[in-house]
Each structure stands twice: as C-alpha cells, then as structure tokens.
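Asks: Could you work out the structure for the sequence below:
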Amino acid sequence: MGKLNEVFYKLRPYILMVCLQFGSAGNYIISMVTLNHGMNRYVLIVYRNGIAALVLAPFALVLERKIRPKMTFKVFLQIVALGFLEPILDQGFSYLGMQYTSTSYTSAIMNAVPSVTFVLAMILRLERIKIKEIRSQAKVIGTVVTFGGALLMALYKGPTIDLISSGRTSHHGSSDDSSGKHWVTGTLLILVGCVAWSAFYILQSIALKKYPAELSLSSLICLSGTVQSLAVALAVAHHPSSWAVGWDSRLLAPVYTGIVTSGITYYVQGIVMKTRGPVFVTAFNPLCMIIVAVLGSIILAEKLYLGSILGGIIIAIGLYSVVWGKSKDYSSNQEPPITEKGAAPELPITATDQGDNNNGGK
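Replies: Below you'll find the model as predicted:
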C-alpha cells in the first residue's frame with residue numbers, strides 16, 4: 001500500500017494537469033457557443049469569476065481557517081494584479097480574439113504560453129538553466145519546438161481534413177468567412193491574452209510563497225477579478241438584456257467556466273505549481289489545443305486543416321521534451337515533498353512543506 005501511495009503522489013501532478021486540459025477545452029467550446037448566441041463577453045467574465053468566488057469561498061473558509069496567513073498590503077496588491085491579469089486582460093482579449101478567429105486557432109496561439117512563461121521565469125530567476133546539462137537543454141529545445149508547432153498551426157493551413165461533422169457548416173460557415181477579415185487583429189488580441197496569462201502564472205507562483213493557502217488565494221483572485229470586470233462591464237454593457245441569462249448556454253457558460261476553468265483550475269494550478277513550478281504547469285497547455293481542435297470540428301463544425309494536425313504532432317514532441325526536462329530537474333534537486341506520512345489530505349502540511357522545498361529549489 002505504501003508503494004502504491006508513493007507512485008500515486010509521483011503521478012498526481014501529471015494526472016491533475018491532464019484533467020485540467022480537458023476542462024479547459026470545454027471552456028473554449030462552451031464559451032464560443034455562448035458568445036455566438038450574443039452574450040456580452042464582459043458580462044460573461046463577471047458571471048464567471050463571481051460564480052468561482054462563491055463556490056470557492058466556503059471551502060476556503062472551512063478548510064483553511066487554521067493555516068490562512070494574515071493579509072499584508074503587498075499580498076493584497078498581488079491579488080489585485082492577478083485579478084487584472086487573468087480575468088480582465090487574458091479572458092477579455094482572448095474571448096474577443098476567439099470571436100474574430102476560432103476556438104482551435106485560439107487554443108493553438110495560446111500554446112505560446114509555455115514559451116513566454118519560460119522566458120519570464122528565467123528573467124525573474126524562478127527557473128534555473130544550466131545549458132551544459134541535458135535536462136536544461138531538453139527544456140529549452142522543447143520550448144522552442146512547442147512554440148514552432150504553434151506557429152505552424154497558426155501560419156499554415158493546408159488541405160481540409162473532413163471529420164464526422166465537418167460538412168455541417170450552416171451556422172458556422174459565415175463565421176469563418178467574416179473572421180478571415182479580422183484574422184490579424186484576432187491574432188494580436190489573443191497574443192495579448194497569452195502574455196497576460198504567462199504573467200499570471202509567474203505572479204501566482206510568487207504570491208503562493210507569501211500566502212500559502214491555495215483555496216483562499218484562488219477565491220480572492222476570483223473576487224478581485226469580479227469587482228474589476230464588473231466596473232468594465234457596467235461601462236460597456238448598459239442594456240439590461242445584456243445581463244439576462246436563461247436555461248441555455250448563457251447560464252451554462254458562466255457556471256462551467258466559473259467552477260471548472262476559474263475556480264478549480266486556479267486551485268489545482270496552485271497545488272502543482274508549488275512543487276513543480278509555473279513552467280511545468282504551462283507545459284501541458286498544448287494538450288488542450290488538440291482536444292479543442294477535435295471538439296471544435298465536431299461540435300462547432302469548424303474546419304480542421306492538415307497544418308493543425310502536423311502542428312499538434314510537433315507540439316506533442318516539444319511537450320514531452322519540456323516535461324522530461326522538468327522531471328529530471330525535479331528528481332535531481334529534491335525528493336518529492338509528499339511521502340506516505342502526507343497521505344492525509346490536509347492542506348496545512350503540504351502548503352508549508354512544499355513552499356519551503358520550492359523556495360530551496362529555485
């Protein structure tokens with residue numbers, strides 16, 4: 001039983017990150033359907049983060065009541081900045097760019113996040129690179145290859161690959177034609193969201209060192225994002241109909257994205273980030289692109305091109321290289337912070353121990 005627990009804790013970061021990519025893929029699909037039905041993107045952001053804050057807050061109050069550190073002014077400013085980077089910049093610009101392009105295209109461009117995060121982590125000395133070591137070479141090469149695969153998907157289309165529902169383009173065909181007119185604008189908007197997302201990962205890893213309570217930090221980030229996005233939404237969405245929801249995608253999208261994409265994702269990212277760092281977390285993003293490309297073709301009848309398939313293969317190779325480099329880096333610097341004695345799922349133990357180990361390994 002002890003061996004089984006040890007194997008589980010070693011595989012847990014990988015399992016959690018793969019599950020998050022499936023959840024993120026659902027975010028792209030559901031959000032696109034809702035935006036196509038006329039929901040204001042700023043209103044969607046308000047509802048999304050508001051629901052996430054409401055869902056996370058009770059768990060944070062109960063589970064972290066004994067370990068929640070005191071709020072300092074510095075941590076407060078970091079939470080405000082996190083609420084601006086992800087809900088305002090990333091979500092706002094990404095949603096708009098996705099409307100100008102497509103879900104699969106947006107998820108492909110977002111694969112620049114590991115590359116940007118890797119560069120930012122090196123600049124801030126959160127990621128150690130020794131170019132003579134094989135594991136460092138694997139991370140650098142894998143990052144470049146991943147970014148190259150994303151560029152291939154973005155710049156090269158090639159022939160169309162017909163899937164089961166690719167011929168049913170009645171509701172989406174016009175969207176493809178119109179989005180082509182704004183392809184460059186959409187790409188630039190998505191890139192802004194990409195940089196904001198990378199900065200969010202870096203700042204979140206820094207904030208966790210001073211405020212090692214993942215649930216509380218996640219709920220506060222969502223609350224901060226709700227307040228800031230509400231101010232923006234009230235300025236641009238004046239008509240009451242813009243805020244109306246019903247028993248359709250206009251309700252499903254805020255609930256799903258709030259609980260899964262914002263609430264659960266922030267929390268799980270925080271747990272994994274404290275042991276593996278922000279680069280490891282972002283290295284799994286290309287998996288989301290592959291899932292979105294398939295679901296977008298089937299559900300939204302988006303066209304799937306040969307360039308997307310080739311880019312996905314290249315990205316998978318780069319992803320493997322980065323994850324392999326991170327795993328070697330991790331095993332050579334420290335032992336896994338969670339052992340059999342940590343089998344009890346109490347956050348206080350993992351938060352303190354993992355935070356100390358993470359600081360020592362950077």
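
Asks: Can you name the next helix or strand after the host helix or strand of residue 198?
Replies: Taking DSSP states H and E as the criterion, residue 198 maps to helix 183-210. Past helix 183-210, further along toward the C-terminus, the next helix or strand under DSSP H and E is helix 214-236.

Asks: buried ones in that next one?
Replies: Of the residues in helix 214-236, 214-230, 233 count as buried by neighbour count, 16 or more other C-beta atoms under 10 Å. The C-beta positions use only the backbone N, C-alpha and C, and glycine is treated the same way.

Asks: got the angle for the helix holding residue 198 vs helix 214-236?
Replies: Taking axes from the mean of the first three to the mean of the last three C-alpha atoms, to 10 degrees, one finds helix 183-210 and helix 214-236 inclined to each other by 140 degrees.

Asks: Now do residue 139 against residue 57, distance only.
Replies: With distances defined as C-beta to C-beta, to the nearest Å, the gap from residue 139 to residue 57 amounts to 37 Å.

Asks: Which of those two has more residues huddled nearby?
Replies: Under the neighbour definition other C-beta atoms under 10 Å, residue 139 and residue 57 were set side by side, and residue 139 has more, 28 against 18.

Asks: Which strand or helix spans the nearest residue to that one once chain neighbours are set aside?
Replies: Beyond its immediate neighbours in the sequence, the residue positioned closest to residue 139 (C-beta to C-beta, 6 or more residues apart in numbering) is residue 325, lying 3.7 Å away. Residue 325 belongs to helix 306-333 when assigned by DSSP H and E.

Asks: give me every residue that touches residue 312.
Replies: Residues near residue 312 by C-beta atoms under 8 Å, 6 or more residues apart in numbering: 149, 153, 286, 289, 290, 293.

Asks: go on, residue 90?
Replies: Under the criterion of C-beta under 8 Å, 6+ apart, the contact partners of residue 90 comprise 193, 194, 196, 197, 200.

Asks: what's it sitting at in phi/psi?
Replies: Backbone torsions for residue 90, taken as degrees, to the nearest 10, come to phi -60, psi -60.

Asks: Do you know the pLDDT at it?
Replies: The model reports residue 90 with a pLDDT of 92.

Asks: how close does it get to residue 191?
Replies: Using C-beta to C-beta, which is the criterion applied here, residue 90 is 11 Å from residue 191.

Asks: likewise residue 259?
Replies: Separation of residue 259 from residue 191 (C-beta to C-beta) stands at 28 Å.

Asks: Show me the shaky parts of the stretch 101-250 of the chain.
Replies: In the prediction, the stretch 101-250 of the chain carries residues with pLDDT under 70 at positions 154, 162-181.

Asks: And the longest helix seen in the chain, what's buried?
Replies: For the chain, the helix with the greatest residue count under DSSP state H is helix 2-36. Within helix 2-36, the residues that qualify as buried by neighbour count (16+ other C-beta under 10 Å) are 9, 13, 16-17, 20-21, 23-35.

Asks: For it, enumerate the helices and strands it packs against.
Replies: In this structure, helix 2-36 makes packing contacts with helix 41-63, helix 92-100, helix 103-109, helix 249-256, helix 265-276, helix 278-282, helix 285-299, judged by 3 or more C-beta pairs under 8 Å, 6 or more residues apart in numbering; DSSP states H and E.

Asks: Distance to residue 133 added to those helices, as JSON lines?
Replies: Written out in JSON lines, the entries for these read as follows (distance: least, C-beta to C-beta, whole Å):
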{"stretch": "helix 41-63", "distance to residue 133": "39"}
{"stretch": "helix 92-100", "distance to residue 133": "35"}
{"stretch": "helix 103-109", "distance to residue 133": "31"}
{"stretch": "helix 249-256", "distance to residue 133": "42"}
{"stretch": "helix 265-276", "distance to residue 133": "18"}
{"stretch": "helix 278-282", "distance to residue 133": "15"}
{"stretch": "helix 285-299", "distance to residue 133": "24"}
